[in-house]
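**Student:** Predicted model and sequence below, questions to follow.
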Amino acid sequence: MLAMFLPFFKEVVLTKNIQQKMIDAARSSYPIEACGVLFGHIDNEKVIIKDIVETENSADNPTVRFYIDPELFYKILTTAEEQGLEFLGIFHSHPAQPNPSNWDLEYMKLHQNVWIIIQSLNREEKKPKMMAFQWYDEKLFDVKLKIT
Ligand SMILES: [Zn+2]
């Protein structure tokens, strides 16, 4: 993933269906962190997610971290670009609160795109917590999620 000049994002827009796909990925992977890639378009300062691809978590300790194999990432990226979609960011799950870990923060500084984190543990809640973040201008921002 090369560093890009990305705008400061005001909103992340996604459908209920895409949101549900990420929740299902988070819940079915538990206690392992689910992870995957977000694709779509950037329209002014809005990020519009059109598709997600869940990937295997290749981390050595996948209950506390995630890692996407670069070769697999490249393959997924190529397919998406052929469909005219841009790479927008990453989603992954945490068993507890959907706040970035210190490890996440280090990678957010390197990849200042959209990071969606989903809480995977709470099975009683119909809609688990899901948050979007962007590291921008030396700070972490919550980005508003708009479900359509
Ligand atoms: Zn994390």
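**Tutor:** Noted; the coordinates are in hand.

**Student:** What is the burial count for residue 22?
**Tutor:** 24 (other CB atoms under 10 Å). For the C-beta atoms, the positions are set from N, CA and C on the backbone; glycine is no exception.

**Student:** what pLDDT does the closest residue to residue 76 other than its chain neighbours get?
**Tutor:** Leaving aside its chain neighbours, residue 76 sits nearest to residue 53 (5.0 Å; criterion: CB to CB, 6 or more residues apart in numbering). Looking at residue 53, its pLDDT is 97.

**Student:** Just list whatever residues bridge to residue 53.
**Tutor:** residue 37 (DSSP bridges).

**Student:** mind checking how far it is from the ion?
**Tutor:** 18 Å (CB to the ion, to the nearest Å).

**Student:** any idea how far that residue lies from residue 137?
**Tutor:** In this view, residue 53 and residue 137 are 29 Å apart by CB to CB, to the nearest Å.

**Student:** So between these two, which is more surrounded?
**Tutor:** Between residue 53 and residue 137, counted using other CB under 10 Å, residue 53 has the larger neighbour count: 18 against 8.

**Student:** contacting residues for the more buried one?
**Tutor:** Going by CB atoms under 8 Å, 6 or more residues apart in numbering, residue 53 touches 36-37, 39, 76, 80.

**Student:** Rebuild those as TSV, extending it with neighbour count, distance to the ion and pLDDT.
**Tutor:** Supplementary listing: the contacts of residue 53 in TSV, determined by neighbours: other CB atoms under 10 Å; distance: CB to the ion, whole Å; pLDDT from 0 to 100:
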residue	neighbour count	distance to the ion	pLDDT
36	23	13	98
37	20	15	97
39	23	20	97
76	18	19	96
80	20	23	95
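
**Student:** right, and the pair among these with maximum separation?
**Tutor:** 36 and 80 (11.8 Å; CB to CB).

**Student:** Just want the residue of this protein that's nearest the ion.
**Tutor:** Here the chain gets closest to the ion at one residue, residue 104, 4.0 Å apart by CB to the ion.

**Student:** got a list of what that residue touches?
**Tutor:** Here residue 104 is in contact with 92, 115, 117 (criterion: CB under 8 Å, 6+ apart).

**Student:** Going by neighbour count, which of those residues comes out on top?
**Tutor:** residue 92 (27 neighbours).
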